[in-house]
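Peer 1: Build me a model from this:
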Amino acid sequence: MASGAGGGEASTWQPQEDGLREICGLLEQQMAPTSDDKSMIWQRLQHYSQFPDFNNYLAFILARAEGKSVEVRQAAGLLLKNNLRTALKTMPPSNQQYIKSELLPCMGAADRQIRSTAGTIISTFVQIGGVGGWPELLHALVKCLDSNDVSHMEGAMDALSKICEDAPQVLDSDIPGLSERPINAFLPRFLQLFQSPHTTLRKLSLGSVNQYIMLMPTVLYLSMDKYLQGLFVLANDPSPEVRKLVCAAFVQLIEVRSAVLEPHLRNVIEYMLLVNKDTDEEVALEACEFWSAYCEAELPPENLREFLPRLIPILLSNMAYADDDESLLEAEEDGSLPDRDQDLKPRFHSSRFHGSEDVEDDDDDIVNVWNLRKCSAAALDFLSNVFGDEILPTLMPIVQAKLSSTGDEAWKDREAAVLALGAIGEGCINGLYPHLSEIVAFLIPLLDDKFPLIRSISCWTLSRFSKYIVQGISHKEGHDQFDKILMGLLRRILDDNKRVQEAACSAFATLEEYMQEAAEELGPRLDIILQHLMCAFGKYQRRNLRIVYDAIGTLADAVGGELNQPKYLEILMPPLIAKWQQLSNSDKDLFPLLECFTSIAQALGTGFSQFAQPVFQRCINIIQTQQLAKVDPVSAGAQYDKEFIVCSLDLLSGLAEGLGPGLESLVSQSSLRDLLLQCCMDDAYDVRQSAFALLGDLARVCPVHLHSRLPEFLDVAAKQLNTAKLKDTVSVANNACWAIGELAIKVHKEMSPVVLMVVSCLVPILQRPEGLNKSLIENSAITLGRLAWVCPELVSPHMEHFMQPWCIALSMIRDDIEKEDAFRGLCAMVRTNPSGALNSLVFMCKAIASWHEIRSEDLHNEVCQILHGYKQMLKNGAWEQCMSALEPPVKDRLLKYQVQ
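Peer 2: Have a look, this model is predicted:
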């Protein structure tokens, strides 16, 4: 009979010998290294899983099949855990009870692997069903922890540590039938175990308490002194895993509960300095996280200042490559060797976005693995941003000493010094600026160093100074230096080493971005730049090809129409078109090429016409194939991947922007309108985001082809604004809002049926802008104005409900054609319903004063007339009272409209 906490029906279940033998046999076969047909074994196990008591068999094998190997029993347990995720909700209560009753004794099993597997399954039960339905579990865990039997204590702690990691909130919740939250019973026991002589118990208990720093249950807050005392005792633990957890605790506390560390801060910093040099790299890495966390938490710099002379040398020492760093092996790899699939990082395409947004550019991702070297460089970067030039007297003598070290054996020190210069390139720029030309002059020869990792880091460090290098072009010395950097980077783009190719291409793309302000400097060098980039295009393997596409796209963005010359197109386009023809519609290497073509189409403008037809048609084909693949991959001959649709929509937007009305003939002969409507209704928000961007672009260049389905487009666009999850899909709403405005100024009165519905969606956005991005608020204000311009008689009766927030939003928008449209709407409404703006006159005056200059003469005159109209309308000092409510600078700016 099965024993344990079951009772009743559960304890009467017994396995049948045949079934037991068969399942154990399958598990053994599945684990056999020589097993040929794993899929057949898997199918048979899946077949068994149809039987209601299959999971009982798995629990029995884990808990009781003592004649079987631990590996087979563990395999049964892991299969049970996976099954619970799908089957627990529908599992008969008697079977659940049986499995639970078998798991509890496993926590005290003699074999650690059995205990650990049981802990994993128990945590899965708790994640899915909580602890309320399993009161025996809490009693058993407490009993095991209090037993003084190491196996039972470890088994219980193993299960608890997994629950604390996977579902910490479950133990910090009120449970019906219990007088207190479970964490209140467990936390004091965890803290007690900090003193255990057994490493595993110290490690698991500390790891479990750390999981509650963010949640901070009352019991931990009240036990904070005891917790901190425990951390200081464990700080010198012989086990590196425990020391690593002590560091992790201090890092988390400084991030979210810095006040509790304040009385102990000196001791904590002293400790972190010590373990930042720990012989175990993982401990040193965890300690190193503390410095960035301290800076990010914006804590008082003075607490750290006196430690900088000791901290900076440690960081610099840790920035040298470790002997076992995998980058050292990668750096030896021959550039002519093809990339393996696992070498290709996943890439993410950002859907097209209309408006102002703050995007952080991550230019520091040289390689993906986080390690002590990178963490130390990041800490130095943070410190330089907090302390600025203060760190230079400590740092620069060490950097200079490392840079001047000679001999092949010192190359890692030289490389670390170059990395340090790049890390402080932003924060210490004031102190470095007077010496920048010397620093750059020193770095340029390093682009040709014999060590590939010095060549690659020199590319990156130079890119960190791009902004200032470009600013210096205006004088001769800076101009000459820029040429040397440019030629140096172009040489490195053609390096035989993949790592150097990647760093050089990325550095060149960063330089190009800053060149957009001085694009005329790139013009005379376009020929040689294109020659190098297209030579790299022929030389690179798949992974680095993506970076060349990015560099070509960034170049097109920077130089714009300058690229539209036959001599440049002859270099640029044939290799790209050859690659375009070589890739199939389901090849993911097409993504960066589609992005690259998007930039080129926008840069060339009508010059792209000669290439447009096949590009346009292929985008249509890709979208059609993917929409079919979504419902029937077999007929489509492709697996669905929404990124194909997103990239194709964005390239079509690029074509619309580049070709303008020249796109009309292609759209008229295609099914784009119907495909686009489908994309606007897609369940993936990034597909919808790009679809509405394209809708707005098409409204600009060929609205006639949207006419027949205009009501449907407007309806689906309005729905994006009227959603409870607006903050989650704000970029979709932003583009939909912009597209409605673009349609409005093209189709005018045809907007009438939906105007009020759209206005009713826009007004709440303007009334409650908190937490929404700036661009959505701006686009809402502009679109509301455009609707008012085309249908003032419909919008103006409601204007008093939204005038104030609308005028506030209008006053935040920079001068441009879209703001002009919005003000035309304002004037049209005021003419139709002058009294509607009376209560908001002060806000309207501020919005008008936000213009630097209204370039359109007729709009300027309209605004003058409206202000004069109100001045005449408001008698008995009311106008003067309104003017007195305005700040002097606002009144001054209204003078140009001849009113006071």
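
Peer 1: burial of D674, as a residue count?
Peer 2: Neighbour count of D674, defined by other CB atoms under 10 Å: 12. Quick note: C-beta positions are derived from backbone N, CA and C, even for glycine.

Peer 1: Next, the contact list for it, please.
Peer 2: R709 (CB atoms under 8 Å, 6 or more residues apart in numbering).

Peer 1: Please export the C-alpha coordinates of the helix or strand hosting I114 as CSV.
Peer 2: Using DSSP states H and E, I114 maps to helix 112-129. This file holds the C-alpha atoms of helix 112-129, laid out as CSV (Å, rounded to 0.1, in the frame of the first residue of the first chain):
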residue,chain,number,x,y,z
ARG,A,112,20.6,13.7,-3.3
GLN,A,113,19.4,13.5,-6.9
ILE,A,114,16.1,12.0,-5.8
ARG,A,115,15.6,14.7,-3.2
SER,A,116,16.4,17.4,-5.8
THR,A,117,14.0,16.0,-8.4
ALA,A,118,11.2,15.8,-5.8
GLY,A,119,12.0,19.4,-4.9
THR,A,120,11.6,20.4,-8.5
ILE,A,121,8.2,18.7,-8.8
ILE,A,122,7.0,20.1,-5.5
SER,A,123,7.8,23.6,-6.7
THR,A,124,5.9,22.9,-10.0
PHE,A,125,2.8,21.9,-7.9
VAL,A,126,3.1,25.1,-5.9
GLN,A,127,3.6,27.3,-9.0
ILE,A,128,0.4,25.9,-10.5
GLY,A,129,-1.8,25.4,-7.6
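
Peer 1: name the helices or strands packed onto the helix or strand just after it?
Peer 2: Counting by DSSP H and E, the element after helix 112-129 in chain order, helix or strand, is helix 135-145. The contact analysis (3 or more CB pairs under 8 Å, 6 or more residues apart in numbering; DSSP states H and E) places helix 135-145 against helix 93-106, helix 112-129, helix 150-166, helix 182-193.

Peer 1: May I see the ones you listed arranged in a markdown table, with mean pLDDT, distance to I61 and mean neighbour count as well?
Peer 2: Shown next, in a markdown table, are the helices and strands packed on helix 135-145 (pLDDT from 0 to 100; distance: least, CB to CB, whole Å; neighbours: other CB atoms under 10 Å):
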| stretch | mean pLDDT | distance to I61 | mean neighbour count |
| --- | --- | --- | --- |
| helix 93-106 | 94 | 10 | 22 |
| helix 112-129 | 94 | 11 | 20 |
| helix 150-166 | 96 | 18 | 23 |
| helix 182-193 | 97 | 30 | 20 |
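
Peer 1: Which one of those helices lies nearest to E426?
Peer 2: Ranking the helices and strands packed on helix 135-145 by proximity to E426 (CB to CB) places helix 150-166 first, at 36.1 Å.

Peer 1: Verify the stated contact: V275 with R243.
Peer 2: Yes: here V275 reaches R243: they are 6.3 Å apart, a contact under CB atoms under 8 Å.

Peer 1: overlap in contacts of these two?
Peer 2: Listed as contacting both V275 and R243 by CB under 8 Å, 6+ apart are A235, V283.

Peer 1: For P445, grab the count of nearby residues.
Peer 2: Neighbour tally, P445, other CB under 10 Å: 11.

Peer 1: Before we move on, what's the pLDDT of D686?
Peer 2: For D686, the pLDDT comes out at 93.

Peer 1: how far away is it from S731?
Peer 2: 8 Å (CB to CB, to the nearest Å).

Peer 1: out of these two, which sits in the more crowded spot?
Peer 2: Higher neighbour count among D686 and S731: S731, with 25 against 21, using other CB under 10 Å.

Peer 1: Please export the C-alpha coordinates of the host helix or strand of the more buried one as CSV.
Peer 2: Assigned by DSSP H and E, S731 belongs to helix 730-747. The C-alpha coordinates for helix 730-747 follow below in CSV (Å, rounded to 0.1, in the frame of the first residue of the first chain):
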residue,chain,number,x,y,z
VAL,A,730,1.4,52.5,-27.4
SER,A,731,3.5,52.4,-30.6
VAL,A,732,0.6,50.8,-32.5
ALA,A,733,-1.7,53.5,-31.2
ASN,A,734,0.8,56.2,-32.1
ASN,A,735,1.1,55.0,-35.7
ALA,A,736,-2.7,54.5,-36.1
CYS,A,737,-3.3,58.0,-34.8
TRP,A,738,-0.8,59.5,-37.2
ALA,A,739,-2.3,57.5,-40.1
ILE,A,740,-5.8,58.8,-39.3
GLY,A,741,-4.5,62.4,-39.4
GLU,A,742,-2.7,61.7,-42.8
LEU,A,743,-5.9,60.3,-44.2
ALA,A,744,-8.0,63.2,-42.9
ILE,A,745,-6.1,65.9,-44.8
LYS,A,746,-6.4,63.8,-48.0
VAL,A,747,-10.0,62.6,-48.0
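
Peer 1: Downstream of it, the next helix or strand is which one?
Peer 2: Next along from helix 730-747, by DSSP H and E: helix 752-767.

Peer 1: which outside residues touch that next one?
Peer 2: 711, 714-715, 718, 721-722, 726, 733, 737, 740, 772, 776-777, 780-781, 783-784, 787, 791, 794-795, 798, 801-802, 805-806, 808-809.

Peer 1: Are any of the residues you listed buried, and if so which?
Peer 2: 714, 718, 721, 726, 733, 737, 740, 772, 776-777, 780-781, 783-784, 787, 791, 794-795, 798, 802, 805-806, 808-809 (16 or more other CB atoms under 10 Å).

Peer 1: and the angle from the helix holding I114 to helix 150-166?
Peer 2: Going by axes from the mean of the first three to the mean of the last three CA atoms, to 10 degrees, helix 112-129 is angled at 40 degrees with respect to helix 150-166.

Peer 1: how near is T783 to D408?
Peer 2: Distance, T783 to D408, using CB to CB: 64 Å.

Peer 1: In contact with G472, which residues?
Peer 2: Per CB under 8 Å, 6+ apart, neighbours of G472: L436, S437, G478, H479, Q481, F482.

Peer 1: which two from those residues end up farthest apart in space?
Peer 2: By the measure CB to CB, L436 and H479 form the most distant pair in those, at 14.3 Å.

Peer 1: neighbour count winner among these two?
Peer 2: Counted by other CB under 10 Å, L436 and H479 do not tie: L436 has more neighbours, with 18 against 12.

Peer 1: which residues touch the closest residue to that one other than its chain neighbours?
Peer 2: Using CB to CB, 6 or more residues apart in numbering and skipping residues adjacent in sequence, the residue nearest L436 is Y468, 5.9 Å away. Residues in contact with Y468 (CB under 8 Å, 6+ apart) are I429, Y433, L436.

Peer 1: how far away is the closest residue to V369 other than its chain neighbours from R499?
Peer 2: Computed as CB to CB, 6+ apart, the closest residue to V369 that is not its neighbour in sequence is E326, at 6.8 Å. According to CB to CB, E326 and R499 sit 11 Å apart.
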